[in-house]
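# coords please:
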Amino acid sequence: MREVIILAGGLGTRLRTTIPDLPKCLAPVNGKPFLHYVISYLQSQGIEHFIFSLGYKKILIQNFLLDTLNLSSFDIISEDEPLGTGGAIKLSCAAAKEENIIVMNGDTLYKSDLQKLYAFHKEMNAECTLTLKPMKNFDRYGVVTLGQNGLVENFEEKKFYEEGLINGGVYALNVQQYLNKEFPMKFSFEKDYLETYYSEQKIFGIKDEGYFIDIGIPEDYERAQTEFKTA
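You can find the predicted model right below:
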């Protein structure tokens, strides 16, 4: 698996007081934009082609990418208006060259094993495979329950859990099967796709204990400043 869609078009509302002039993915962590760490990790996993879905303050992200990557290694897909995560992925799929593609968020670093994800995704002939992070004592996320052979059985709402598997926001997605579905222009990948279509038994999950951080809230953004020294 050599190709990825990175969703980096969000408004970053919860971080606005901390980084008022930057999109979330460019938030500085130990002197470097967060997106630097995401790209470096993906390159270490064998990713060669990047598709960036941009919206809010996209010129800043474009300038960073031009300074960071070879022009031949990335495409930029711009939203004229917010399309939701599902709409952004659908639009970005037009630039995909592979049958299956990795999808992830630009404000999250999940050091999961992408080749293991890809192998499982292909073995199961899955339409979509979620990478699931085991967590303990949390209330910020809902949990995903798995059945036989890793089939997604249910999505549970956000509340306090002593332990569970959370959706880490890293997916393997069959491009054509996703595009074949009927969606409105604006929709949520999580609600309108995953939580709507998992009952068709083509959506799977795989556990991965890799390092995980989502800088979407100030507390975790500050935590990254310390953890990225060793992460």
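
# okay, strands next: where are they in this structure?
Under the criterion DSSP state E, strands of the chain are mapped to 3-8, 28-29, 32-33, 49-54, 74-78, 100-105, 108-110, 128-138, 143-146, 152-156, 161-174, 203-207, 212-214.

# and Asn125, its phi and psi?
Per-residue torsions, Asn125: phi 50, psi 50 (degrees, to the nearest 10).

# ok, Glu99 next?
As for Glu99, its main-chain torsions (degrees, to the nearest 10) stand at phi -70, psi -40.

# list the residues that contact Val103.
With contact set as Cβ atoms under 8 Å, 6 or more residues apart in numbering, Val103 has these partners: 4-5, 7, 89, 170-173, 189. (C-beta placed from N, C-alpha, C; glycine too.)

# Leu60: which of these is nearest?
Ranked by distance to Leu60 (Cβ to Cβ), those are led by Leu7 at 16.0 Å.

# circling back to that earlier point, Gly142: which of the contacts of Val103 is nearest?
Among the contacts of Val103, Phe189 lies closest to Gly142 (Cβ to Cβ), at 14.3 Å.

# surely the closest one and Leu91 touch.
No. The pair Phe189 / Leu91 is not scored as a contact, 11.8 Å apart, by Cβ atoms under 8 Å.

# neighbour count: these two, which is higher?
Phe189 (23 against 18; other Cβ atoms under 10 Å).

# check the more buried one and give its pLDDT.
We have a pLDDT of 97 for Phe189.

# picking that back up, CSV please, covering the contacts of Val103 and showing distance to Ser199.
Formatted as CSV, those follow (distance: Cβ to Cβ, whole Å):
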residue, distance to Ser199
Val4, 27
Ile5, 25
Leu7, 25
Ile89, 20
Val170, 22
Tyr171, 18
Ala172, 19
Leu173, 18
Phe189, 16
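
# wait, what's in contact with the residue nearest to Phe50 when sequence neighbours are not counted?
Among residues not flanking Phe50 along the chain, Phe74 sits closest, at 4.1 Å (Cβ to Cβ, 6 or more residues apart in numbering). For Phe74, the contacting residues are 49-52, 65, by Cβ under 8 Å, 6+ apart.

# burial count for Gly31?
Gly31 has 8 nearby residues by other Cβ under 10 Å.

# also Ile217?
Residues within reach of Ile217, counting by other Cβ under 10 Å, total 13.

# now swap in the one 4 residues further on and tell me
For Tyr221, the number of neighbouring residues by other Cβ under 10 Å comes to 22.

# mind checking how far it is from Asn167?
20 Å (Cβ to Cβ, to the nearest Å).

# since that was my last question, I'll sign off now.
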